[in-house]
Structures are given as structure tokens and as C-alpha cells.
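Asker: need a 3D model of the sequence below.
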Amino acid sequence: MAQATKSRKKYHVLGNVSDSDEGEQNGDGLEHQEAEPLPTIHDIENPLEHYPEDVWEAAVNSPDDGRAVLYAFNELHTTRALCSQRLATVRDSRALFTPKASTRASQLPPLASAKYASTNISTLKPHSLKPSTITSKIASSADARKLARYEQFANAWADAVADLADRTQRSEADLAMQRGPEFRSKLELTEAISRALPIEDRGDSSSVWAMSLRNAWERIVPLGNLLSGLCCVVHDFPSDGLLLPQQRRALQEKLTKIGRPLDLPPSTTGLEKALASTNGSIKPTLGRSLTARARDWSRSQVLQERMKQHAEAIARNGGYQPDMAGLKLEGQSVVDLALEATRMPVTLEEVQAHLMETDPQGYKTLREAWDQAARRKAAAAAAAAAKEQAEREAAEAEEAAAAKRAKPGPHARVSTTSLSLCTAARGRDRARFELVHEGTAALYYYWQRIPSQPHPFAPRSRTQQGPSPFLLARASGVLLPNETHTVEVDFMPQHAGMFHEEWQLMTTPQLLPSQPPSTTTTTSPQLPAPPAASHYLQGHFPVQGDVHDSLPSPGLNNQGPPESIGHTAPQIDFKQEHGLLQQQGVTGFSGVGGPPGGRHLSGGGNQGSTMAGGALSASTCQAVVTISVRGVATVEDQQVLERKALSRQLNEAEKESKVRQALEHILRCVDALPPPPLPEPPTEAAQALAWDSAQSDYWPPMYYPGPEVYAQLESAYREARGEVYRLRAEAAEAAEAAGGKGKKGAKGGKGSKDKEAPQTPEPPAREFPEQWSSGLADLYGVLEELEGMHQSTKAQLAEAHESSAGGSSKAAAAAAAEASAAAVQAADNGIARTTELRGLAQRLQLSTQAFAVPQDARTLIRHAMRAALGRVADAVESKLDGVHADYEKRVAEQQREGATVVPGKEVGPQWLADKCRAGAKAQARNLVPWLFEEVAREKGAVGDWLEARIADLDARIAAVEAGAPDPGPGQEVDAALEAAAAAAEAEREKAAAAAAAAGAGTASPPPL
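Answerer: You can find the predicted model right below:
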């Protein structure tokens, strides 16, 4: 690393140039001085007091003895200290020359004039901190003047509020100026709740499906007359689950948000002062405030329920709303932040960044050295950890092997040294512990209770012990090597209280310690001395009674006094066979000698014993195993059954409440399903099926218009059909009458001899069913037939009138003209009625829009299902045709080949049936996707029709605004009907004039 050299600096000096020259000369002289050597790690004493641990470690691991690292650290530390000193100076100077005025307006001067503020500004700061510049004086006077003006305005506002409250006899909180924020809050809350309601609950639920078309969520409301065609488009927003992201953002932007200050409580300073003054003139306010009586709108139960029910939707629609009243703005000076940053200690990362910036090549060398040191350190740590782990595993394995090995001699232990039991008085509780034999010698054992000394200050009644409440189910037995006995302890108290007992394990032979005895001994309560022995056997052991008597079963339920426990007469049977000593029962005794073979036995009641619990006696080197049992007996509950029943009821009620709350929470989070559609009446269903069947070939589709429109169309069909058949019957009668007259004239006429001219047979008339087949083709066909018959009747009447015009007498001519006019009038009425029926059908189609737009989703799905089934039928038919063609081809090839047919590939009826069945199934599987395709296609057609309709209406509205007349939908039919009526009226007037002229004999019949 190259040593850093001090650079020469140039200074711009104001004043004498010679001073600057002298400074430069001094600077030149300094350059010739030798730079101080950079410190190394060998020059630093107590390094951790001056450098951080990681920085010192990096310096130690550097190849240049830490020169670059220590120099970078010292340079950063010096720079940071200098910056900290300068920032502290800036902060102190600002604090010294900044006026600290109180924010309370009451501490300001009462007047706001600039003169007064400039002369009394000394009240805002000490005398020694007066501003010394004109700018600071102006700023200080401006602050004081602004605060004084604000105080003056606040006082004027409070006086005005108090005056209005006095005049209106209301409190200040009920004034309009104070109720403004409340009104805004009410408006926002009302709109938020309205937006949170599902769209089905806002208005007509039947129009929801039509609004969902093209995802526009708008409904068309007709205006004015039904036939006017004017409408209004109303936009709405659906529930949140049906909104697109852009629609949700638009909804949040359209919600009413009125900017207002914080909703602080109303200030009643002026009113309170007036009421508190002795000569106050304000009258007491009337009790008209709903807020004061807790009956305002915000406390409404319905509002609270709505807010709780739609809380999630309101929060989701409104977005995040901060608590403006709870916001707290805390400022911090930039100088303080910078000062805190400069006082932070220099870290190793900053030293590395400084080195990388000043000397990249040297930093690269240092980085490689540091990486090598880190790798060596990691390898050493891994080796140390592996060694420690190996040692730990070896120790554990050694301990496990030692635990598995059987210990020579008698060794036993218990699973626990203390038991706790609890039950009610006259109740029962049970606990268990295990007695494990870990030695190689068989043990005969029994448990002996250690008598406890009564407390010296306890009452006498407490010291008189009765029957022991503790019982052992297995108080004695024989324990073989590696055998475990489970001992059960029963606690059966007769009265309430706390009971405690300790038991000691007595074994033959005595237990040996698990570890070698230590020199430290512990004192233990000594058992009482055994009674005097009656005689001695071999080995000088004390014996009382017959040595061959049976040993009574020792236990914890001894009925005798505490002094007698543990001193049952020993019953010993010694046999000197093979050098072994066998003892059947051992109690408290002291051995004075030993058996043959040098083995010494000592009972658990040795008078010289100093062992307690699991400790070891130094004199006898035996292990003592004890166990402590504590029992608590509570007062017997006399109402346990009633309490259990009450507890069960409370638990069930609490469980039901929790389940109800959880269910309400789940249901609140789940969007409510729309109500199920009402069942369709059978009559309407039959009409809809017949309509779809008759109009299945139309595209765009023509949907079932509803029972009302269907009834009108059916009535028009029946009327038109009845009229057609009536005219046909009249025409047939007239033809028969004309045929009879022709035969009678032909017999006496000259033309009887001539040959009759050949007549062309007329085509048969079209038949119409009595019941309407729900097809518009039949309706329009019968209307065309009726109109044509009226036109032909009118033409025939005109020819008859012309032929009768050349009559001889005037009376006959007038009668013929009158009859002709009546017939023409009847024909015109028939034509007008036919035109009216046709106009009715067209008007229904145009005005109600029932054919092009389905009334509900059921109508659309039913029509789409019919179309999908038709596609399936066509596909199945095409598939079966292909299968039959393939079958015929295979049969022909099989016949040409003869009898050489591969077994299993015969083509016959069964093969054809299987292929047809498989093909039909394959095509039937397409029903569902085709149904969805048909639904989407028909929705698109309906949307296109609506768009075209809306565009037509927009064009008409634009034309009306431009001044052109609006024809309107259906007005073309009305114009045609009006023209036909006018023509019929003109014909009637002409016929009347002709009749009058014929009666007077001055005019000829009018031409038709």
C-alpha cells in the first residue's frame, strides 16, 4: 500500500498579498518534512480499547501488518469527529438565536400592530438572545403579529358563537356551524352503506341479469309513453365479487369524500365563561338537543346493525381511511439526524468501502488475504466442533454401555422419589411407581414407613394419628435381576386434610451404592433401638420369638403406635449350606458378628446408621431408597350431581354461543346467493317450448315474449283465421248460387249448343290449424290470406258495380249503387281490420322488445339447450351415416374376399351396433361445451342487438335535437294505419255522394 501524501492547498485570502505568499512559502517548507510513519499492529497497546474487534481482526490478518486498515479507520474516525463537532456548533447556534415563543395564544400580546410587536418582542426571548440583524427582527415581529391576529379571530368567533347560542336558546353544539361536519359524516356514511348493499337488495332483482350483459351494469328505464321509445340509461355497480379491478377503482373514486378538518369537539369557551360569570346574561338552553339525550342518528340500532353487517364491504369499497384525529406529527431536525449519524462508531464495512474507493488494487489484495484467513478459521472451528462432537458421542456411548451392564451385587432404584395424590374425603386416588433391580443378586424387599415427629406446637388432637390413609397393593416381594415391579399406592382419606408419609425400602441382602462411597456423610433420623433380644443364634444376631414362625406382611396400614412401626420381631432362619446365609425377614437390628465366610449382614434399623433418602452411610456402605407420598383430601361435595348438571348446561350454552359466532363470521364472509328463481307455471312452460320449436330457424334468435304478448298474438291469429274461413264460406255460397243461375240460362240460351270453354282448376286453399302453432309464419300467413281475400272481394264488387251501371231505370241504378257501396264499405272495413291486426303484431314486436331480448336466464338457457341438442342430433346423424357407409364398404370387401376372414375382425350387426353406440356417446359428450358455446353466442347476439338499438336511439335523439321530426319505433305502422283509415273514409264519402246523385238522377255512379 502506498503511503498517502499531503496535498498542497491554495487559499484565497482577502487583504495583503504578502500574507498569502508567506503562507505558500510555509506550505512549501512543510512539504519537505518527512511524513509520520503509518501505525501497525505492533505499535498499538491495548488495541480493543481503540479499535472494534472486527476491524482489529482484519488488521491482524492483513499482509501489511494492518497499515492500510488502521490508517483508513483513523481517517474515517477523524473525519466523523470533525463533522460531529461542526454539526454540534450549527445546532447550538440555531438554538441560541431561534426565538422560542409559546404556542398558546393567551401568552401573546393583546394587540397585533407591527409597532407594538416590534417594541414588545422582548417578551418572547431573554435579553441576551435579542436578534442582532434586521431580518431576524422582522421575522420575530411577523410571527408575533400572526399569532396575535389568530388569537383575535378566535376570540371574535367564540363571541359570535356565544351570541348565536344566546339568541336561538340552543347550545353551541346544536348550531348549524357546528353540525356541518356531522352532516358531512352522515352523507358519507349513508352512501357507503348504500354502495355496500348487494345489487339484488337495491332495487328490482329481476333486472340484475339484464344488467350483467356485456358486463356494463346498466339498465334502461323507459320514459314517457310505452310507444315513445325514449329511455334513460342508469349505471350501477354490482357486488364486490362481480367487480373488475378497474371498476373497483372507479367505485372508490366515485364515493363521496368531503374534505374537512379534524372533527374536534365544539368549543364552548365563551358560553362556559358567560354561564360561570355572576352577571351572565345568557339564558339556560332548552332540552331540545337529541345528542344530549342520546337519541341522535349515530346511536340508531339499525345503523349499528348495518355497519356491523356490511363492515367488510364498506372497508373494501372505501379503501384505507386513516384515523385523522389520532394522527400525531413529530418533527425532527435534519441537523440532529446528521449529528446522530456522525456519532455512530466506524464499522468494518465502512473501512472496506473507503479502501475500495481510495485504493482498489490494494483492497483486492487485502480481500484475498482476509478470505484465506476466514477459510482457515472456519476449518479450525469445524475441526474443533467435530472433535467435541466425537468426544461427546464417545462419552454417551460409554455411559449407555455402562448403564446396560449389570452391576455386581444388589442394586435397586425407583422411578420417582415423590408422589402427589388428591381426592375428596371418603374418596379414592391411585398412583404408581416402578421398582427396578439393576444388580445381579436376588432381593427380598418390603416397604417400611418412617415415623414422623409431630410439630412441637401442634395441638394434641393432630398428633394422635389414626389409620394411615395410604395403602400399598404390593408392599413386599422378591425381585430378581433385571426385573421391574410396579407398586400401586392408594389414597383413601376418611376426612379432609393434608397427609404426608415417607417409606424406606428394606432389602435382604442390603443394597450396595452405585458409586464408591465418599468421605462426606449426612445425618438422618435414626430409628428407635430394637427391643432386647431374648436369645442369640449363631453369629450373635438378636432373635426374638420362634425363628421358624411366618413373617407377618409388613405394610403401611399398621394399627399400632408410631414407636412400634419398623420393630417387628425378626424371624430368621440361618442355614450354613454352601457358605450362604438365608434370612426370611429382616427388621431393625444391629449385627455384631458375621456369617460364616466373612459376610456381614446389617438390617435397615442399624443404630449407627447416618443415611437419609438416597444418601450413603459411611460406616456400613449401603444404599438407602426412600419415597415420599403427599395426599390432599378436600371436603366432600354434597351437591356434585347438581353442580355437574349446571356445569354441563353452562358448557353447552358457551359452546352454542361460540358455534353461533363462528357461523355468523363464516356467513358474513361468504357472499349471499341470489334468491332461487320462481317455478315456471306449466302453461307458460308449454307455450315457451312451442314457441322455441316454431322459431328455431330464426337468427338472431326470437325468444318467448311472455304470457301477455303470447295471448295477444294467439287472439289475433284466432280472429284472423275465423274471418278467413267465414269469407271462404261466403265465397263458396256465392259460387254455388252463381253456378245455378248459369245452368238455368244456358238451357234457354243460344249458347247451349256451343261447346263450353275449358276452365283451369284452382289450387287448393291453404289450411290453417284451429289452434295456433306458436309460429309467426302461420300468423303472418293467415293475415296475408285475409288481406288478399278482402282485396279480391273489393275488386269483384267494383266489377259488379260497373256492369250494373248501364241499367234501364233510375230506381234500379240507385239500388244497385247503394248495395255496391255497402259491399265496398264492408270490404274496406275488413282490410282495415286486417291491417290493424298486422300492425298489432308488428307493434308488439317493436315496442316490447320481447322477441330479441330474453326475459330471464331461464329463457336463454332453454333456447340454447334446444340449439345444442340440435347440434348433437345433427352430429350423431352425420356420425351414424359415416358408420353405415363404412359398414357397407367393409361388408362388400368381406364378401369379395370370401371365407378368408381374420378371426375377431368379422363385420356384422354386432360390429355396427358397437360402432353406432360408441359414435353416439362420443358426440353426446359434446353437449355441455356446445351448450356453453350456444349461451355465449346468444348473449353476444343479444348484446349486439342492444348496441344497435342504443345507437339507433342516440341517432334519433341527435336528429330531434337537430330539429328533424322523430319517427319513433312503431310510428311507421301507425302512419300506415292512419293512411288506410283516411282512404277508407274518402271512399265512404264518395259512395254517399254517389248514392245521393243516383237518387236525384243528376249524377252517375262514382268510379271505384
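Asker: how is this structure carved up into domains?
Answerer: 406-454+465-636, 682-733+770-852+977-1000, 857-962 (automatic domain parsing).
Asker: between its first and last residues, how far does the shortest one reach?
Answerer: In this case it means domain 857-962. Terminal residues of domain 857-962 are spaced 39 Å apart (C-alpha to C-alpha, to the nearest Å).
Asker: just stretch 768-776 next, same as before
Answerer: End-to-end distance of stretch 768-776 (C-alpha to C-alpha): 13 Å.
Asker: same check, this time on stretch 210-217
Answerer: End-to-end distance of stretch 210-217: 8 Å, with C-alpha to C-alpha as the criterion.
Asker: please work out the average pLDDT along that stretch.
Answerer: Across stretch 210-217, pLDDT averages out at 73.
Asker: what's stretch 300-315 in contact with?
Answerer: For stretch 300-315, the external contacting residues (C-beta atoms under 8 Å, 6 or more residues apart in numbering) are 189, 192-193, 195-197, 239-240, 297, 668-669. Glycine gets a C-beta too; all of them are placed from N, C-alpha and C.
Asker: from those residues, which two are the most distant?
Answerer: 297 and 669 (28.4 Å; C-beta to C-beta).
Asker: between the two, which is the more surrounded one?
Answerer: Legend: neighbour count by other C-beta atoms under 10 Å for residue 297 and residue 669, higher for residue 297 (14 against 8).
Asker: count of neighbours near residue 688?
Answerer: Residues within reach of residue 688, counting by other C-beta under 10 Å, total 23.
Asker: correct me if wrong: it contacts residue 862.
Answerer: Yes - in this structure, residue 688 is within contact of residue 862 by C-beta atoms under 8 Å, at 6.5 Å.
Asker: secondary structure element holding residue 474?
Answerer: Here residue 474, judged by DSSP states H and E, is contained in no helix and no strand.
Asker: skipping its backbone neighbours, what lies nearest it in space?
Answerer: Leaving aside its chain neighbours, residue 474 sits nearest to residue 487 (5.1 Å; criterion: C-beta to C-beta, 6 or more residues apart in numbering).
Asker: contact partners for that neighbour?
Answerer: Shown in contact with residue 487 (C-beta under 8 Å, 6+ apart): 432-435, 447, 472-474.
Asker: now the contacts of stretch 300-315 in CSV, with pLDDT, secondary structure and distance to residue 778?
Answerer: What follows is these, written out as CSV (pLDDT from 0 to 100; DSSP: H, G, I helix; E, B strand; the rest coil; distance: C-beta to C-beta, whole Å):
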residue, pLDDT, secondary structure, distance to residue 778
189, 86, helix, 60
192, 85, helix, 56
193, 86, helix, 54
195, 80, helix, 51
196, 82, helix, 52
197, 81, coil, 48
239, 61, coil, 45
240, 56, helix, 49
297, 78, helix, 63
668, 81, helix, 55
669, 79, helix, 55
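Asker: would JSON lines of these with distance to residue 64 be doable?
Answerer: JSON lines is the format used below for these (distance: C-beta to C-beta, whole Å):
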{"residue": "189", "distance to residue 64": "74"}
{"residue": "192", "distance to residue 64": "71"}
{"residue": "193", "distance to residue 64": "76"}
{"residue": "195", "distance to residue 64": "73"}
{"residue": "196", "distance to residue 64": "72"}
{"residue": "197", "distance to residue 64": "78"}
{"residue": "239", "distance to residue 64": "73"}
{"residue": "240", "distance to residue 64": "68"}
{"residue": "297", "distance to residue 64": "81"}
{"residue": "668", "distance to residue 64": "71"}
{"residue": "669", "distance to residue 64": "68"}
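Asker: which of those sits closest to residue 175?
Answerer: Nearest to residue 175 among the contacts of stretch 300-315: residue 297, at 17.3 Å, using C-beta to C-beta.
Asker: how many other residues sit next to residue 170?
Answerer: If you count neighbours by other C-beta under 10 Å, residue 170 ends up with 16.
Asker: likewise for residue 169?
Answerer: If you count neighbours by other C-beta under 10 Å, residue 169 ends up with 13.
Asker: now do it, the pLDDT please.
Answerer: pLDDT recorded at residue 169 is 87.
Asker: that one and residue 36: what is the separation?
Answerer: Distance of residue 169 to residue 36, given as C-beta to C-beta, to the nearest Å: 90 Å.
Asker: now residue 789
Answerer: Distance of residue 789 to residue 36, computed by C-beta to C-beta: 131 Å.
Asker: just residue 166 next, same as before
Answerer: Per C-beta to C-beta, residue 166 is found 85 Å from residue 36.
Asker: more neighbours: which of these two?
Answerer: Applying other C-beta under 10 Å to residue 166 and residue 36 shows that residue 166 carries more neighbours, namely 17 against 7.
Asker: and the helix or strand hosting the more buried one, what's buried?
Answerer: Take DSSP H and E as the rule and residue 166 turns out to sit in helix 134-168. Residues of helix 134-168 classed as buried by neighbour count (16 or more other C-beta atoms under 10 Å): 140-141, 143-145, 147-148, 151, 158, 161-162, 165-166.
Asker: can you lay out those residues as TSV showing distance to residue 684?
Answerer: Listed next are these as TSV, based on distance: C-beta to C-beta, whole Å:
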residue	distance to residue 684
140	88
141	88
143	82
144	85
145	83
147	80
148	82
151	79
158	72
161	68
162	72
165	67
166	71
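Asker: include pLDDT and distance to residue 82 when you put these into JSON lines, please.
Answerer: Listed next are those as JSON lines, based on pLDDT from 0 to 100; distance: C-beta to C-beta, whole Å:
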{"residue": "140", "pLDDT": "70", "distance to residue 82": "33"}
{"residue": "141", "pLDDT": "79", "distance to residue 82": "38"}
{"residue": "143", "pLDDT": "76", "distance to residue 82": "35"}
{"residue": "144", "pLDDT": "82", "distance to residue 82": "38"}
{"residue": "145", "pLDDT": "86", "distance to residue 82": "41"}
{"residue": "147", "pLDDT": "86", "distance to residue 82": "40"}
{"residue": "148", "pLDDT": "89", "distance to residue 82": "44"}
{"residue": "151", "pLDDT": "92", "distance to residue 82": "46"}
{"residue": "158", "pLDDT": "90", "distance to residue 82": "54"}
{"residue": "161", "pLDDT": "89", "distance to residue 82": "58"}
{"residue": "162", "pLDDT": "90", "distance to residue 82": "61"}
{"residue": "165", "pLDDT": "89", "distance to residue 82": "64"}
{"residue": "166", "pLDDT": "90", "distance to residue 82": "67"}
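Asker: all the helices of the stretch 301-450 of the chain, residue numbers only.
Answerer: Per DSSP state H, counting those that start in this stretch, the stretch 301-450 of the chain carries helices over the ranges 301-309, 311-318, 334-342, 348-358, 360-404.
Asker: turn those helices into TSV, including distance to residue 723.
Answerer: Putting the helices of the stretch 301-450 of the chain into TSV (distance: least, C-beta to C-beta, whole Å) gives the following:
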stretch	distance to residue 723
helix 301-309	61
helix 311-318	61
helix 334-342	99
helix 348-358	104
helix 360-404	108
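Asker: least reliable of those helices going by mean pLDDT?
Answerer: helix 311-318 (a mean of 82).
Asker: is it true that residue 80 touches residue 342?
Answerer: Yes - contact between residue 80 and residue 342 holds when scored by C-beta under 8 Å: they sit 5.1 Å apart.
Asker: which neighbours does the lengthiest strand in the chain have in its sheet, and in what orientation?
Answerer: Determined from DSSP state E, the single longest strand within the chain is strand 497-508. Strand 497-508 pairs in its sheet with strand 443-450 (antiparallel), strand 626-634 (antiparallel), by DSSP bridges.
Asker: nearest to residue 321, out of those?
Answerer: Of the strands paired with strand 497-508, nearest to residue 321 by C-beta to C-beta is strand 626-634, at 56.4 Å.
Asker: average pLDDT for the closest one?
Answerer: So the average pLDDT for strand 626-634 ends up being 93.
Asker: C-alpha coordinates for it, PDB please?
Answerer: The C-alpha coordinates for strand 626-634 follow below in PDB (Å, rounded to 0.1, in the frame of the first residue of the first chain):
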ATOM      1  CA  THR A 626     -36.900 -43.800  50.200                       C
ATOM      2  CA  ILE A 627     -40.100 -42.500  48.700                       C
ATOM      3  CA  SER A 628     -42.200 -39.600  49.800                       C
ATOM      4  CA  VAL A 629     -46.000 -39.500  49.400                       C
ATOM      5  CA  ARG A 630     -48.200 -36.500  49.800                       C
ATOM      6  CA  GLY A 631     -52.000 -36.600  49.700                       C
ATOM      7  CA  VAL A 632     -54.600 -33.800  49.800                       C
ATOM      8  CA  ALA A 633     -58.200 -34.600  50.800                       C
ATOM      9  CA  THR A 634     -60.800 -32.000  50.000                       C
END
